[in-house]
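# Sharing a model that was predicted from the sequence below.
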Amino acid sequence: MSVEAAAIAVAAVVYLLDCIVLLERGQALWSRSSLSFGSNHYQIRGKVVALINPLTPFIPVLRTLPLFMNATVPNSADALRSLAPLAGFALLQLILVFIALPFCLCRAPGWPFFLSLSFAYLNAFVMLGLIWRRFRKAGLATRPLAALGFAWLACLPLSVNAQRKAGLAFDVAMDAREALRLLPERDQERARGELAAQVDEAMQELEESDERHLRLDQLRRQLVPGAG
């Protein structure tokens, strides 16, 4: 394998690893048209492994609250409004990092590669500044952006996920049950079944005497009438 091909492969692996998100049981990744609860069986450090679509970094993704948790967190509508203008920048970064740069690296080294690399870093700076400005205007926490921004600039493939990782820096003020109701009707039954499967897994990890086990059992019966 050539050095160029190895560099491209490493960049792709780094990006795919960045698309992995860890969730609590029953917690979900939510966008306007989908709801994902991650794997029913694979866990890392006691959390569920979920994968955000590597091909759609321009679609904002938010993380719901864990089940039965109350917290003072941002409203989902405020978060989506803050992230929506970055869609074009995220798509451009995907094209620059995984199409333009690999092509220039293999076929047009020199000034074309240098210009593509400079443009990719400039776009990453613009995304970071725009996210910070819109978060501050909406009253959202900007502190997580310091670590995220450093990672985006230190490792350029991570910047492709800038829009989505900014949205995943906090939970939003709804849990999976509420997010489920916002889905198109044709997708609600599938999402309800996936949530019920997550609830089953969570119940197996708790003692029957635990109050959370009882609450999860009640939720399962609501999701799947006749269950139990």
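Structure's in. What do you need?

# Could you pull out the strands in this protein for me?
Ranges of strands within the chain are 20-23, 29-31, 34-36, 43-44, 47-51, 62-65, 171-175, based on DSSP state E.

# how about CSV for those strands, with distance to residue 145 added?
In short, each C-beta sits where N, CA and C put it, glycine included. Formatted as CSV, the strands of the chain follow (distance: least, Cβ to Cβ, whole Å):
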stretch, distance to residue 145
strand 20-23, 18
strand 29-31, 20
strand 34-36, 24
strand 43-44, 24
strand 47-51, 22
strand 62-65, 16
strand 171-175, 16
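
# Just give me the lowest mean pLDDT stretch among those strands.
Per-stretch mean pLDDT for the strands of the chain is lowest at strand 43-44 (a mean of 84).

# ok, and what's touching it?
22, 49 (Cβ atoms under 8 Å, 6 or more residues apart in numbering).

# try stretch 64-73
With contacts defined as Cβ under 8 Å, 6+ apart, stretch 64-73 is touched by 24-30, 170-179, 199, 202, 212, 215-216, 219.

# Just the buried subset of these, please.
The neighbour-count test (16 or more other Cβ atoms under 10 Å) marks 24-30, 170-177, 179, 199, 202, 216, 219 as buried among the contacts of stretch 64-73.

# Show me the shaky parts of the chain.
Along the chain, segments meeting pLDDT under 70 span 1, 225-228.

# Which positions within the longest helix along the chain qualify as buried?
Longest helix in the chain by number of residues (criterion: DSSP state H): helix 111-138. Within helix 111-138, the residues that count as buried by 16+ other Cβ under 10 Å are 113, 116-117, 120, 123-124, 127-128, 130-132, 134-135.

# who does that helix touch, helix- and strand-wise?
Applying 3 or more Cβ pairs under 8 Å, 6 or more residues apart in numbering; DSSP states H and E, one finds that helix 111-138 makes contact with helix 76-83, helix 87-95, helix 101-107, helix 144-154, helix 162-167.

# Export those helices to JSON lines and append columns for mean neighbour count.
As requested, the helices and strands packed on helix 111-138 are exported to JSON lines (neighbours: other Cβ atoms under 10 Å):
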{"stretch": "helix 76-83", "mean neighbour count": "19"}
{"stretch": "helix 87-95", "mean neighbour count": "18"}
{"stretch": "helix 101-107", "mean neighbour count": "17"}
{"stretch": "helix 144-154", "mean neighbour count": "16"}
{"stretch": "helix 162-167", "mean neighbour count": "26"}
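
# Same list (those) but as JSON lines, adding distance to residue 56.
Below are the helices and strands packed on helix 111-138 laid out as JSON lines (distance: least, Cβ to Cβ, whole Å):
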{"stretch": "helix 76-83", "distance to residue 56": "13"}
{"stretch": "helix 87-95", "distance to residue 56": "9"}
{"stretch": "helix 101-107", "distance to residue 56": "19"}
{"stretch": "helix 144-154", "distance to residue 56": "18"}
{"stretch": "helix 162-167", "distance to residue 56": "9"}
